[in-house]
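Q: mind looking at a prediction? Sequence and model below.
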Amino acid sequence: MHYRIDGNRLVARQSTFVPIEFLSWPCLRIGALGKGQIQIRDANRIEFVTRESRRQWMLELCDTLLAFYPKGLRKIRERIDRFSRMREQWLRRTDAAKS
């Protein structure tokens, strides 16, 4: 174990810092916060790779984001449609009498 819990504190015993382009894409995922957030999928399964350049990694990042955002747009459209239909259903209802 590379950390221990001391009361309500987590104490790291070991960490490794590497440029992000040294992490394999299967170890990473994109989160939908702000302009996108790169997250580690599983800290117990990290794979390091050697790339020719940061440029290569950035091109892969762009390809990943260009695939990610259209999926997000579809989800948002589905949510908008769902709540539009729900709103229409509620507009057709009448309020129950108050006692």
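A: Great, that's in hand. Numbers count the residues shown, from 1 in each chain.

Q: how many neighbours does the closest residue to residue 32 other than its chain neighbours have?
A: Leaving aside its chain neighbours, residue 32 sits nearest to residue 72 (5.8 Å; criterion: Cβ to Cβ, 6 or more residues apart in numbering). Where you see a C-beta, it was placed from the backbone N, CA and C, and this is true even at glycine. Residues near residue 72, counting by other Cβ atoms under 10 Å, number 12.

Q: residue 72 belongs to a strand?
A: No - read with DSSP: H, G, I helix; E, B strand; the rest coil, residue 72 is helix and lies in no strand.

Q: would you agree it is in contact with residue 31?
A: No - using Cβ atoms under 8 Å as the test, residue 72 is too far from residue 31 to be in contact (10.5 Å).

Q: where do the contact lists of the two overlap?
A: Counting by Cβ atoms under 8 Å, 6 or more residues apart in numbering, residue 72 and residue 31 have no shared contacts at all.

Q: surely residue 24 meets residue 45?
A: No - using Cβ under 8 Å, residue 24 makes no contact with residue 45, being 10.0 Å away.

Q: elements contacting the helix or strand that contains residue 68?
A: Secondary structure assigned from DSSP states H and E places residue 68 in helix 54-92. Where contact means 3 or more Cβ pairs under 8 Å, 6 or more residues apart in numbering; DSSP states H and E, helix 54-92 is packed against strand 28-31.

Q: list of residues touching the strand it packs on?
A: By Cβ under 8 Å, 6+ apart, strand 28-31 touches 36, 37, 38, 39, 40, 41, 64, 65, 68.

Q: what subset of those residues is buried?
A: residue 64 (16 or more other Cβ atoms under 10 Å).

Q: out of the contacts of strand 28-31, who's nearest residue 9?
A: Residue 9 lies nearest to residue 40 out of the contacts of strand 28-31, by Cβ to Cβ, at 21.5 Å.

Q: next, work out how far apart that closest one and residue 91 are.
A: Using Cβ to Cβ, to the nearest Å, residue 40 is found at 45 Å from residue 91.

Q: what does residue 35 give?
A: Distance from residue 35 to residue 91, by Cβ to Cβ: 36 Å.

Q: I appreciate the help and will end here.
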